[in-house]
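K.L.:
compute the structure for the input listed below.
(one chain, ligands or ions: 1)
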Amino acid sequence: MKVLTAYFSAEGTTAAKAADLSKAINSDIFEIRPVNPYTAADLRWTNPLARCNREKFGNRSVPVEGKITGFDQYDTVIIGFPIWYGCAPNVVNTFCSGYDWSNKKIVLFATSGGSGIGKTADRLMPYVKGGQIAGAKLITDSDELIEWVKGLL
Ligand SMILES: Cc1cc2nc3c(=O)[nH]c(=O)nc-3n(C[C@H](O)[C@H](O)[C@H](O)COP(=O)(O)O)c2cc1C
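P.N.:
This next block holds a predicted model:
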């Protein structure tokens, strides 16, 4: 069984968890990077005109740098990201739209500033058509993440 950990992280928190997880379960890893990297100003959600708000409220897709070669070979794809506005950031939706998820097991994990996982899985579903979301969890700790994922593989 071949597993991929794909993650987006704007400020490093999710990246650290994804790296720990990938090492512990021996998965491949792919960083979901927007073609235009986020600056600190882009992330300042308190500014109504900041890029993050324009993308969210304009319902914009966010082009992703690079493409995973041989996506077909993965049986399970773990997707990690920060919670933005209560769910997955638009760049994660755009990433998911670029692949065929038929018959794949999908595991979602997120970090946040305090929000729960909420309806994150439901909201991502249209972008992973044909795949099966086996679980979605908000995590704060790598060990907790690793144990939970191992139970789903
Ligand atoms: C644009 C933006 C929107 C956010 N929205 C939320 C939110 O709705 N709820 C929450 O608890 N945290 C929110 N956060 C905080 C992040 O989820 C949190 O800091 C996360 O751990 C960052 O992960 P990263 O370092 O991998 O980017 C938001 C952060 C940004 C930049």
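
K.L.:
which parts of the longest helix seen in the chain count as buried, going by neighbours?
P.N.:
Ranked by residue count and defined by DSSP state H, the top helix of the chain is helix 13-25. By neighbour count on 16 or more other CB atoms under 10 Å, the buried set for helix 13-25 is 14-15, 17-22, 25. For the C-beta atoms, the positions are set from N, CA and C on the backbone; glycine is no exception.

K.L.:
show the pLDDT at residue 1.
P.N.:
Listed pLDDT for residue 1 reads 87.

K.L.:
coming back round to it: for the longest helix of the chain, which outside residues touch it?
P.N.:
Residues from elsewhere that reach helix 13-25 (CB atoms under 8 Å, 6 or more residues apart in numbering): 3, 5, 7-9, 27-29, 31, 78, 80-82, 109-111, 139, 142, 145-146, 149-150, 153.

K.L.:
my guess is residue 112 contacts residue 139, does it?
P.N.:
No - taking contacts as CB atoms under 8 Å, residue 112 lies outside contact range of residue 139: 9.4 Å.

K.L.:
and for the residue nearest to residue 115 when sequence neighbours are not counted, the neighbour number?
P.N.:
Nearest non-adjacent residue to residue 115, counting by CB to CB, 6 or more residues apart in numbering: residue 83, 5.0 Å away. Residue 83 has 20 neighbours, counted by other CB atoms under 10 Å.

K.L.:
distance-wise, check residue 32 relative to residue 49.
P.N.:
From residue 32 across to residue 49, the span is 25 Å (CB to CB, to the nearest Å).

K.L.:
where do the helices sit along the chain?
P.N.:
13-25, 51-57, 90-97, 120-124, 142-152.

K.L.:
and among those, the most buried is which?
P.N.:
Highest mean neighbour count among these (mean count of other CB atoms under 10 Å): helix 90-97, with a mean of 21.

K.L.:
which positions in this protein make contact with the ligand?
P.N.:
9-15, 43, 45, 52, 82-86, 111-115 (CB under 6 Å from any ligand atom).
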